[in-house]
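Q: got a structure for you, letters missing:
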Ligand SMILES: C[S@@+](CC[C@H](N)C(=O)[O-])C[C@H]1O[C@@H](n2cnc3c(N)ncnc32)[C@H](O)[C@@H]1O
């Protein structure tokens, strides 16, 4: 329990620094997700507020973030950027919002960290209004079975080293299982870390 509290605090303290090595390469995908949101928008796992500069002016932004140390940083970023955003302490698996509430739901680099991927995507589907859009940028398991098996083998070590990130999430499968049948998707690879590893990524939109 104490370990959990400490790892949350450390993750929040180090996140921007750890991310700085890849952030310039992630910016195009923030533009294709946060940047395309419209109307009443929910971000799941707002983190330190890295997407705030990319949200279009005039949207009604709400984020859920369960890590209080991240939430403090999110609030600081929104103040610095003069952004009007509401933050709610909750988890994506159990969103405290009515059905059909949002025009857009955004996740960036969050679905690798949630405990129950299918439950989170079911909640996204439930809270999006008909015609609303789920905009996602995530890293995922490879379509190449051999590479996918390696990702699963390496996952326990990766998860420990990153305090909770999973390398082998079948996020596209979970989006389909939740009942999204109109999905536009681009797959690409991003190299990170020392030694360098290449990770499969997806960016896209699923229409409710
Ligand atoms: C890797 S960070 C990404 C933050 C931000 N979206 C970005 O692009 O920089 C993942 C975030 O998801 C949050 N998170 C973890 N589990 C969650 C859950 N079950 N529901 C909602 N957010 C969660 C973490 O606290 C963290 O802030």
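A: On my side now, so go ahead. A quick note: this is a predicted structure, and the numbers were derived from the prediction, not measured.
Q: alpha carbons only for contacts and neighbour counts from here, please
A: Noted.
Q: show me where the protein has its helices.
A: Assigned by DSSP state H, the helices in the chain fall at 2-31, 68-80, 117-127, 145-161, 171-177.
Q: pick the most deeply packed of the ones you listed.
A: Mean neighbour count (mean count of other CA atoms under 10 Å) peaks for helix 117-127 among these, with a mean of 21.
Q: so is that one next to the ligand?
A: No. If you take CA under 6 Å from any ligand atom as the test, helix 117-127 misses the ligand, and the best it gets is 7.5 Å.
Q: repeat for stretch 167-181
A: No. Remark: stretch 167-181 sits outside contact range of the ligand, by CA under 6 Å from any ligand atom, the gap being at least 12.0 Å.
Q: next one: stretch 57-66
A: Yes. Residues of stretch 57-66 contacting the ligand under CA under 6 Å from any ligand atom: 65-66.
Q: what does that stretch contact?
A: 37-47, 71, 84-92 (CA atoms under 8 Å, 6 or more residues apart in numbering).
Q: at 6 Å instead, please
A: 39-46, 85-91 (CA atoms under 6 Å, 6 or more residues apart in numbering).
Q: what parts of the chain come near the ligand?
A: Counting by CA under 6 Å from any ligand atom, the chain sits next to the ligand at 44-47, 50, 65-67, 70, 91-93, 108-110, 113-115.
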